[in-house]
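Asker: coords below, sequence missing:
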């Protein structure tokens, strides 16, 4: 009679909430929608199996990511959260191009300010400068790839197959 | 289960479930028998029933796109069991912020150089009468042209893009991960773009590779035309960037602002 209320998952599943319920720490009873959406997209059984395979100190993050992905899939049944990844990847590409163009512009201005060089560049020179700056820029993304996780951003959307 | 004497092999889904794979198996087109791991990942994350439930309300071309995203998401989860796709999204946001800071720094340098150029032009302009007298006039129209070229094309370009994105980046990183349930009323821009989109036309990559999705968004998003024109100084780029950044803000706020924060990026598996 004096026991704590069942967690949101056991409430939804209509079962007794044991003391060692794997869902209880992450799906409190005051937020039923959180478990409901995860159960709707992934299923309680799958979530339980996944949590069991993850160390306890990482389960909070795992639940957060599952809830996020479930929400994304409900909002967009076709692409889910993958749509956001593609969109952001596109943003990264655009920024890379802007950086390359801006650096090429800087090189142009620097060259113009050199007293020994001609003041007006023709189109061939500008193309060569753009190529040079983009070659320089190819080294710059490594600056942003922190540790080995930086490769993660590129690999899933590039040619490498994930299950080979 | 292999059909004895038959020409077709059971799909990975039916093989895993050890049942007969009929010609009308809904998952057979997406899970070839030679790639069992792909189905295992999808099954572990979603399960067959959930996958079929996602597909049942979609049209045929949407089903293909949905399955690709499901397979991709499952593979990412297999590779990164803790953070999954959200980890990648966080990293992308981080990368974007870093690149924006770099762009801001480069623009600051550019502005400095422009100031120097401006001073040089002023100095030359003051000296022209005396130089003309001496027959030593410099080619003024060339310098002035280039200066106005840079000024006109880049000042508004930099300020509109960077200022709007600064707010986006700050809002993303200031949210609690459990607050994402408040976004139920949101209407993400991505969803409206994708639902109205055309299927992928070029299939140079393997189906499972999401470089296709990259080209897919390039196709459907007309605001990226400035990339294809390869003229970063085009005056239309300013408006397209404003639209892009506004969409990015909208996407960031509706999709990610509650969930992308507070992730430990160093512990991605």
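Answerer: Looks like it arrived, so ask away. All values derive from a computational prediction rather than experimental measurement.
Asker: quick one: the helices in chain A?
Answerer: A:8-13, A:32-41, A:44-52, A:59-75, A:82-113, A:123-137, A:141-144, A:150-154 (DSSP state H).
Asker: could you look over these and pick the most buried one?
Answerer: Most buried of those, by mean neighbour count (mean count of other Cβ atoms under 10 Å in any protein chain shown): helix A:59-75, with a mean of 23. For every residue, glycine as well, the C-beta is placed using N, CA and C.
Asker: could you confirm whether it reaches chain B?
Answerer: Yes - Helix A:59-75 reaches chain B (Cβ under 8 Å from any Cβ of the partner chain) through A:61-62, A:64-69, A:71-73, A:75.
Asker: list just the nearest of these to residue A:98.
Answerer: residue A:72 (27.7 Å; Cβ to Cβ).
Asker: wait, the closest one sits on residue A:81?
Answerer: Yes - counting by Cβ atoms under 8 Å, residue A:72 does reach residue A:81; the two are 3.8 Å apart.
Asker: count of neighbours near residue A:56?
Answerer: 9 (other Cβ atoms under 10 Å in any protein chain shown).
Asker: got the buried residues for the helix or strand harbouring residue B:65?
Answerer: Per DSSP states H and E, residue B:65 falls inside helix B:60-79. For helix B:60-79, the neighbour count (16 or more other Cβ atoms under 10 Å in any protein chain shown) marks B:62-79 as buried.
Asker: domain boundaries for chain B, per the record?
Answerer: What the TED database lists as the domains of chain B is B:10-79, B:85-122.
Asker: buried sites along the last one?
Answerer: Of the residues in domain B:85-122, those scored as buried under the neighbour-count criterion (16+ other Cβ under 10 Å) are B:85-100, B:102-104, B:106-107, B:110, B:113-114, B:117, B:121.
Asker: now swap in stretch A:13-31 and tell me
Answerer: A:17, A:21-24, A:26-29.
Asker: need the longest helix for chain B.
Answerer: Of all the elements of type helix in chain B, the one with the most residues (DSSP H) is helix B:84-134.
Asker: that helix close to chain A?
Answerer: Yes - Helix B:84-134 is in contact with chain A by Cβ under 8 Å from any Cβ, via B:84-89, B:91-93, B:95-96, B:98-100, B:102-103, B:106-107, B:109-110, B:113-114, B:116-117, B:120.
Asker: tell me who's in contact with the closest residue in space to residue A:38 that isn't next to it in sequence.
Answerer: Closest residue to residue A:38 apart from its sequence neighbours, by Cβ to Cβ, 6 or more residues apart in numbering or on different chains: residue A:70 at 4.8 Å. Counting by Cβ atoms under 8 Å, 6 or more residues apart in numbering or on different chains, residue A:70 touches A:37-38, A:40-42.
Asker: can you count the residues close to residue A:80?
Answerer: 24.
Asker: got a list of what the nearest residue to it once chain neighbours are set aside touches?
Answerer: Excluding its sequence neighbours, the residue lying closest to residue A:80 (Cβ to Cβ, 6+ apart) is residue A:73, at 3.9 Å. Contacts of residue A:73 were listed using Cβ under 8 Å, 6+ apart, and they are A:41, A:80-81, B:54.
Asker: pLDDT value on residue B:88, please?
Answerer: The score at residue B:88 is 97. That number is its pLDDT.
Asker: hmm, it is touching residue B:77, no?
Answerer: No - using Cβ under 8 Å, residue B:88 is not in contact with residue B:77; the gap is 10.8 Å.
Asker: related to what we said a few turns ago, turn the domains of chain B into a markdown table, columns for distance to residue A:89.
Answerer: Converted to a markdown table, those look like this (distance: least, Cβ to Cβ, whole Å):
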| stretch | distance to residue A:89 |
| --- | --- |
| domain B:10-79 | 12 |
| domain B:85-122 | 7 |
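Asker: show me the one of the ones you listed that comes nearest residue A:104.
Answerer: domain B:85-122 (10.5 Å).
Asker: any idea how far the residue nearest to residue A:66 when sequence neighbours are not counted is from residue B:8?
Answerer: Distances taken as Cβ to Cβ, 6+ apart put residue A:38 closest to residue A:66, at 5.5 Å, once the chain neighbours are dropped. Residue A:38 sits 36 Å away from residue B:8, taking Cβ to Cβ, to the nearest Å as the criterion.
Asker: got it, and residue A:89?
Answerer: 36 Å.
Asker: any weak-confidence spans in the stretch 1-150 of chain B?
Answerer: Applying pLDDT under 70 to the stretch 1-150 of chain B flags residues B:1-7, B:127-150.
Asker: cutoff 90 now
Answerer: When residues are selected by pLDDT under 90, those of the stretch 1-150 of chain B lie in B:1-10, B:17, B:19, B:21-24, B:57, B:59-61, B:109-150.
Asker: got a list of what residue 109 touches?
Answerer: This is for chain A. When contacts are counted by Cβ under 8 Å, 6+ apart, residue A:109 touches B:110, B:113-114, B:117, B:150.
Asker: actually it's chain B I care about, not the one you picked
Answerer: For residue B:109, the contact set (Cβ under 8 Å, 6+ apart) comprises residue A:106.
Asker: one more: residue B:70?
Answerer: Residue B:70 sits next to A:80, B:42, B:46, B:51, B:54 when contact means Cβ under 8 Å, 6+ apart.
Asker: if you set the cut-off to 6 Å instead, what comes out?
Answerer: residue B:42 (Cβ atoms under 6 Å, 6 or more residues apart in numbering or on different chains).
Asker: distance of residue A:59 relative to residue B:45?
Answerer: As judged by Cβ to Cβ, residue A:59 and residue B:45 stand 16 Å apart.
Asker: of the buried residues of stretch A:13-31, which pair is most distant in space?
Answerer: The distance between the two most remote of those (Cβ to Cβ) is 15.3 Å, for A:22 and A:29.
Asker: and the contacts of residue A:73, which is the shakiest by pLDDT?
Answerer: residue B:54 (93).
Asker: contacts for whatever helix or strand that one lives in?
Answerer: Taking DSSP H and E as the criterion, residue B:54 maps to helix B:48-56. If you take Cβ under 6 Å, 6+ apart as the criterion, helix B:48-56 is touched by A:43, A:77, B:63, B:66.
Asker: and the first one, what's its pLDDT?
Answerer: Put plainly, it is residue A:43. So residue A:43 comes in at 95 (pLDDT).
Asker: that one touches residue B:47, doesn't it?
Answerer: Yes - shown here, residue A:43 and residue B:47 form a contact pair, counting by Cβ atoms under 6 Å, at 5.0 Å.
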